[in-house]
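Asker: test case, fold it:
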Amino acid sequence: MTDRRTARRYDLSLPVLIRVPVERDACSGKTRDISTRGVYFLIENRLTAGAELDLTMTLPAEVTGGTEVFIRAIGKVVRVEKGPEDGDRRMGVAALIQRYEIVRNESMKM
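Answerer: Numbers count the residues shown, from 1 in each chain. Down below sits the predicted model:
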């Protein structure tokens, strides 16, 4: 299988807050990897392919070398995978990032 990614992907486990704009409910998960064009995260809530997302990811001070930095992204679910069969209820979600901004502001706490 050929890797068709055009952006470098980084293996990062970061807290992520996910909002589905239509539903207005927020839930949390963990990223598995991220690039400038996409993100893969694990979540317990169900999402469907095509769903629009508002994501807020936190880069901890240990990673940034200073204070926490927030990445706010708007995207769309492109793939949903079932979690392992060992009782883990989490789903794997691949999302395309359509736009993002980096927020270096203490007032944007999750």
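
Asker: bridge partners for the nearest residue to residue 15 once chain neighbours are set aside, pull those for me.
Answerer: Nearest residue to residue 15 in three dimensions, chain neighbours excluded: residue 58, at 5.0 Å (CB to CB, 6 or more residues apart in numbering). C-beta here means a position set from N, CA and C on the backbone, and glycine is covered the same way. Beta bridges link residue 58 to residue 70, judged by DSSP bridges.

Asker: where does the protein dip in pLDDT?
Answerer: The chain contains residues with pLDDT under 70 at 1-6, 22-24, 83-87, 105-110.

Asker: which stretches of it form strands?
Answerer: Secondary structure of the chain (DSSP state E): strands located at 10-11, 15-19, 26-34, 38-43, 52-59, 69-81, 91-103.

Asker: against which helices or strands is the fifth one packed?
Answerer: With contacts taken as 3 or more CB pairs under 8 Å, 6 or more residues apart in numbering; DSSP states H and E, strand 52-59 sits against strand 15-19, strand 69-81, strand 91-103.

Asker: thank you kindly, that will do.
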